[in-house]
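Asker: Fold the following.
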Amino acid sequence: MDEALNELRQLIATSDQIVAFTGAGISTESGIPDFRGPNGVWKTSRPIEFGDFVASEDVRRESWRRKFGSNRMAEAAPNAGHLAVAALHRMDKLTHVITQNIDGLHQKAGVPADRVIELHGNANYAKCLDCEKRFELEEIRAIFFPDETVPYCDVCKGIIKTATISFGQAMPAREMMRAEEALQGCDLFLVMGSSLVVYPAAAFPRYAKQNGSKLAIINNEPTDLDPFCDLVLHRAIGETLSAAVD
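Answerer: Next comes the predicted model:
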């Protein structure tokens with residue numbers, strides 16, 4: 001085992017309140033493309049603004065057309081990185097996962113849903129924007145096809161949207177509060193696969209460090225927070241974290 005990996009193993013071994021913070025990089029190893037990278041989704045498809053989605057039924061129709069046009073996220077399986085995070089939970093070391101991802105792969109890997117804080121929501125189901133009733137995607141698919149009928153809530157007639165946070169949509173206050181609370185007691189804040197450029201979430205590692213937590217980053221590319229870390233590994237997440245928790 002090399003020195004850096006041994007340092008990571010020691011950090012984990014001496015920590016009891018680990019908070020994992022994950023970005024797109026952990027899920028690209030499951031075949032899910034990121035949004036901002038060179039081959040990201042937004043290079044080929046302009047994101048739909050929340051205001052446009054609410055204002056126009058035609059925009060909502062296009063949004064559902066895109067959603068049902070690709071099954072890559074729905075078909076993706078947790079990779080070694082997700083499974084290693086779940087292993088930290090089974091070791092009673094992981095208190096929470098704070099994730100910028102919308103794929104639900106941490107839950108699929110075995111992290112209980114109440115331990116996963118989804119800052120940008122979840123793409124695996126939909127919600128009414130007014131009464132917040134949950135809708136499964138198969139329900140929406142049955143309404144949308146074959147005539148591309150835009151769905152509305154059967155309770156309050158409100159607009160239905162995937163349960164994700166879009167451009168121009170407010171960050172979920174409850175999840176942000178939960179994330180801030182999770183930072184208070186953690187003794188190791190472990191960042192994986194995030195470029196740490198999207199705020200306010202990108203400030204969490206700095207807050208954790210200021211509160212006395214150790215800070216480690218596993219990411220293919222350097223980040224602005226690298227100089228403040230106790231440990232930085234520019235490596236693949238799955239094989240690195242798996243080796244550290246094995």
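Asker: drop to CA atoms for contacts and neighbour counts, all remaining ones
Answerer: Noted.
Asker: ok, Ala163 touching Asn122?
Answerer: Yes: with contact defined as CA atoms under 8 Å, Ala163 and Asn122 form a contacting pair (5.2 Å).
Asker: Compare these two (neighbour count), which wins?
Answerer: A count of neighbours by other CA atoms under 10 Å puts Ala163 above the other of Ala163 and Asn122, at 20 against 17.
Asker: Need the per-residue pLDDT for the more buried one.
Answerer: Among the per-residue scores, Ala163 holds a pLDDT of 97.
Asker: And what about the spatially closest residue to it that is not a sequence neighbour, helix, strand or coil?
Answerer: Leaving out its chain neighbours, the residue that sits closest to Ala163 by CA to CA, 6 or more residues apart in numbering is Ala126, at 4.7 Å. In three-state terms, and counting by DSSP: H, G, I helix; E, B strand; the rest coil, Ala126 is strand.
Asker: Can you give the domain ranges for this structure?
Answerer: Residue ranges for each domain of the chain read 1-31+78-119+171-246, 33-75+121-164, as given by automatic domain parsing.
Asker: Please identify the most buried of these.
Answerer: Comparing the domains of the chain by mean neighbour count (mean count of other CA atoms under 10 Å), domain 1-31+78-119+171-246 ranks first with a mean of 19.
Asker: which residues are in contact with the lowest-mean-pLDDT helix or strand in the chain?
Answerer: The helix or strand with the lowest mean pLDDT-type score in the chain, counting by mean pLDDT, DSSP states H and E, is helix 72-75 (a mean of 80). Helix 72-75 is contacted by residues 31-32, 103, 124 when judged by CA atoms under 8 Å, 6 or more residues apart in numbering.
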